[in-house]
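S.K.: Here is my input; please provide its structure:
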Amino acid sequence: MEIPPKSPDESEKSPQSKELLSSITASTLCTSSRSGSVWTDAPRSKWEIYHKPVIVVSVGAAVFLFGIVIISLSCIETKNKKVYKMCGPAFLSLGLMLLVCGLVWIPIIRKKQKQRQKSQFLQSLKSFFFNR
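M.R.: Residues are numbered from 1 along each chain as shown. Next comes the predicted model:
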């Protein structure tokens, strides 16, 4: 068995460049983390906090209403009745699922906000007493 020769790129890389690459990756991971508010203390507006669940709730409600319209068309229309009867419940269930997920997401965000406020308060108390 022969070992294939290394490419010129691999042989030219120094250990310092490999360390630099890993530190760049680590800093990128820290800046792209989902909990950005941990790194910055800037206050966020209500829209910045709740925009994702509000969008999910509104899309879910729209899809749910679209499902109701399709089911009502299956009662009125006789031409494509089978298609309406198949698609209507699918849109109803998808819309209801999105609606419920969005409505459950809002209290979860509220609970996280309260926990974050408590944590910041405890950190400020700790820094007050230990930095004297």
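S.K.: mean confidence score for stretch 69-85?
M.R.: For stretch 69-85, mean pLDDT rounds to 84.
S.K.: quick one: buried residues of stretch 66-74?
M.R.: Using 16 or more other Cβ atoms under 10 Å as the test for burial, stretch 66-74 gives 66, 67, 70, 71, 73, 74. Every residue, glycine included, has its C-beta placed from N, CA and C.
S.K.: Counting by contacts, list what the one helix or strand the fourth one maps to packs against.
M.R.: Yep, that's residue 71 we're talking about. Using DSSP states H and E, residue 71 sits within helix 46-76. Helix 46-76 sits against helix 81-130, with contacts defined as 3 or more Cβ pairs under 8 Å, 6 or more residues apart in numbering; DSSP states H and E.
S.K.: and the helix it packs on, what other elements does it pack with?
M.R.: Applying 3+ Cβ pairs under 8 Å, 6+ apart, one finds that helix 81-130 contacts helix 46-76.
S.K.: Please identify the buried residues of the helix it packs on?
M.R.: Within helix 46-76, the residues that count as buried by 16+ other Cβ under 10 Å are 49-50, 53, 56-57, 60, 63-64, 66-67, 70-71, 73-74.
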